[in-house]
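>>> below is the structure, and that's it, no one-letter string:
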């Protein structure tokens, strides 16, 4: 991982199947009470991911993976958005509420 990018250009965003499922589940959960709020919340999470793609190394190194400088996270209130920095993209790995146990299966330990 170099983390280098051309000035002014965001990295591409790749989504793991888990992250797509996480985002859908968050939206569905909120929509049960308020569909409009769910759309707004999901939009905010996506905006946070887009900002991470613009400044990928600005995200915090995930404490559970302190030995992995390529695994970063950003926060939206209590939600942790975990991503892997690659040369030309960030890969969104998981999105979960911070009070929950970290989903270790979301991270490939061998990379």
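Noted; the coordinates are in hand. It should be emphasised that the depicted structure is a prediction, and the values quoted were computed from it without experimental measurement.

>>> skip the chain neighbours and tell me the closest residue to residue 95.
residue 22 (4.2 Å; Cβ to Cβ, 6 or more residues apart in numbering). Every residue, glycine included, has its C-beta placed from N, CA and C.

>>> how many neighbours does that neighbour have?
24 (other Cβ atoms under 10 Å).

>>> surely it and residue 97 touch.
No - contact status for residue 22 versus residue 97: not in contact, 10.0 Å apart, counting by Cβ atoms under 8 Å.

>>> just checking, residue 69 is part of a strand?
No - using DSSP: H, G, I helix; E, B strand; the rest coil, the secondary structure at residue 69 is coil, not a strand.

>>> quick check: closest non-adjacent residue to it.
Nearest to residue 69 is residue 61, by Cβ to Cβ, 6+ apart, at 6.1 Å.

>>> identify the bridge partners of the one you found.
In this entry, residue 61 is beta-bridged to residue 72, by DSSP bridges.

>>> how far away is it from residue 23?
Remark: distance between residue 61 and residue 23 (Cβ to Cβ, to the nearest Å) = 23 Å.

>>> with residue 15 instead?
Counting by Cβ to Cβ, the gap from residue 15 to residue 23 is 8 Å.

>>> quick one: list the elements packing against the longest strand along the chain.
Secondary structure of the chain per DSSP state E: the longest strand is strand 89-97. Where contact means 3 or more Cβ pairs under 8 Å, 6 or more residues apart in numbering; DSSP states H and E, strand 89-97 is packed against strand 12-15, helix 17-31, helix 35-54, strand 79-85.

>>> point out where this protein drops to low pLDDT.
For the chain, residues meeting the criterion pLDDT under 70 lie at 1-8, 109-111.

>>> list the contacts for residue 42?
With contact taken as Cβ atoms under 8 Å, 6 or more residues apart in numbering, residue 42 is in contact with 23, 26, 27.
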